[in-house]
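Undergrad: Got a predicted structure plus its sequence, pasted below:
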Amino acid sequence: TATISSPVGSWEELHRIAAEHFADDLPVDEGMLSWSKASLAAYFESGVNSHATASRPSEPGQGRLYAVSDVHTDKPENM
């Protein structure tokens, strides 16, 4: 019996979870098939398109950093 912590295991299930979270625009890869439903839900709910870091597990002792910028590139002083 699958639980929320069980790996998703199939592309169909992965895409179904993405659609449930209106996150069809976020990238997915084969490595995500081993993620739990809870981990996928957290990724899709975040709305963060950080696929490069999302699909690689952190090394022990290393955290992940997500940065968001509100720099207005239309202003020369910000460039």
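TA: Thanks, I have it.
Undergrad: I'd like the distance between Y43 and S10.
TA: 17 Å (CB to CB, to the nearest Å). From N, CA and C alone the C-beta is placed, and that goes for glycine too.
Undergrad: between these two, who's got more neighbours?
TA: Here Y43 and S10 are set side by side on neighbour count (other CB atoms under 10 Å), and the busier one is Y43, at 22 against 10.
Undergrad: and the helix or strand containing that one, which residues are buried?
TA: If you go by DSSP states H and E, Y43 is part of helix 37-46. For helix 37-46, burial by neighbour count (16 or more other CB atoms under 10 Å) applies to 37, 39-41, 43-44.
Undergrad: Equivalent analysis for stretch 27-40, please.
TA: Under the neighbour-count criterion of 16+ other CB under 10 Å, stretch 27-40 has 28, 32, 35, 37, 39-40 buried.
Undergrad: so which of these comes closest to I17?
TA: L40 (5.0 Å; CB to CB).
Undergrad: Please enumerate the helices of the chain.
TA: Taking DSSP state H as the criterion, the chain contains helices spanning 11-20, 37-46, 51-54.
Undergrad: Output the second one as PDB - backbone C-alpha positions only.
TA: The C-alpha atoms that make up helix 37-46 are tabulated as PDB, following Å, rounded to 0.1, in the frame of the first residue of the first chain:
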ATOM      1  CA  LYS A  37       4.300  12.500  -2.600                       C
ATOM      2  CA  ALA A  38       4.900  14.900   0.300                       C
ATOM      3  CA  SER A  39       8.300  16.100  -1.200                       C
ATOM      4  CA  LEU A  40       6.700  16.500  -4.600                       C
ATOM      5  CA  ALA A  41       3.800  18.500  -3.200                       C
ATOM      6  CA  ALA A  42       6.200  20.800  -1.400                       C
ATOM      7  CA  TYR A  43       8.200  21.300  -4.600                       C
ATOM      8  CA  PHE A  44       5.100  22.000  -6.700                       C
ATOM      9  CA  GLU A  45       3.500  24.200  -4.000                       C
ATOM     10  CA  SER A  46       6.700  26.300  -3.800                       C
END
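Undergrad: Of the helices of the chain, which is nearest T73?
TA: Distances from T73 to each of those were compared using CB to CB; the shortest belongs to helix 51-54, at 22.2 Å.
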